[in-house]
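In: Mind looking at a prediction? Sequence and model below.
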Amino acid sequence: MKQQTAMGIPIVQPSAPHNQTVADVGEFSTGLCDCFSDIPLCCLTCWCPCITFGRIAEIVDQGSSSCGVSGALYSLIMVFAGCQWIYSCTYRSKMKAQYGMPESTCGDCCTHFWCETCALCQEYRELQHRGFDLALGWHGNMERQNQGMTVPPQMPGGMTR
């Protein structure tokens, strides 16, 4: 099965799961401790994990939540309760379900509890590997995907013969 793409972005329909190739199903494309393969991402996540998390949440939620709102909620949970890892763990589970990856609720929770920064970096890299530019957000990625597709002209309404 070949993965369908438009302009280098995977075609994702909100009501249907991501079109997957055999290579897309399974584990993450990078390891948990591969944080230093992308130094700028590693630094961003160390100093402002709310930004990295917000970007991940917007893509995983397919645009139904914004980066800003998700990142702000993550920050508030981090500052007032110190258990933001529970919130971010739920998005790891959502992402794994979307891409047909084996789920491990206990393992995912432990990963986020002990290695929150590494887990966020791994999820970010996985979405990049699947063709998303997380800095653009969901709607930016969909616009980029749809550039080059032509839409038929609209016919004027009214009376016709």
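Out: All right, it came through fine. Numbering: from 1, shown residues only.
In: give me the element the residue lying closest to residue 63 once chain neighbours are set aside is part of.
Out: Counting by Cβ to Cβ, 6 or more residues apart in numbering, residue 138 is the residue found nearest to residue 63 once chain neighbours are left out, at 3.4 Å. C-beta coordinates here come from the backbone N, C-alpha and C atoms, glycine included. Per DSSP states H and E, residue 138 falls inside helix 137-146.
In: what's the spacing between that helix and its chain's center?
Out: 13 Å (Cα atoms, centre = their mean, to the nearest Å).
In: now swap in stretch 86-95 and tell me
Out: That offset, for stretch 86-95, works out to 11 Å (Cα atoms, centre = their mean).
In: Pull out the buried positions in that stretch.
Out: 87-89, 91-93, 95 (16 or more other Cβ atoms under 10 Å).
In: next one: stretch 135-144
Out: Neighbour-count burial for stretch 135-144 [16+ other Cβ under 10 Å]: 136-138, 141-142, 144.
In: Could you do stretch 64-77 as well?
Out: Quick answer for stretch 64-77 (16+ other Cβ under 10 Å): 65-67, 70-71, 73-75, 77.
In: mind putting the residues you listed in CSV, distance to residue 36 included?
Out: CSV is the format used below for these (distance: Cβ to Cβ, whole Å):
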residue, distance to residue 36
65, 29
66, 29
67, 24
70, 26
71, 23
73, 28
74, 23
75, 25
77, 27
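In: Among these, which one sits closest to residue 33?
Out: residue 74 (22.3 Å; Cβ to Cβ).
In: SS state for that closest one?
Out: Following DSSP: H, G, I helix; E, B strand; the rest coil, the label given to residue 74 is helix.
In: Just confirm it contacts residue 89, I think it does.
Out: No: counting by Cβ atoms under 8 Å, residue 74 stays clear of residue 89, with 11.6 Å between them.
In: does residue 62 sit in a helix, a strand or a coil?
Out: coil.
In: Show the pLDDT at it.
Out: Looking at residue 62, its pLDDT stands at 95.
In: give me the number of residues near it?
Out: Using other Cβ atoms under 10 Å, residue 62 has 16 neighbouring residues.
In: Can you report phi and psi for it?
Out: Dihedral angles of residue 62 (phi, psi; degrees, to the nearest 10) stand at phi 50, psi 40.
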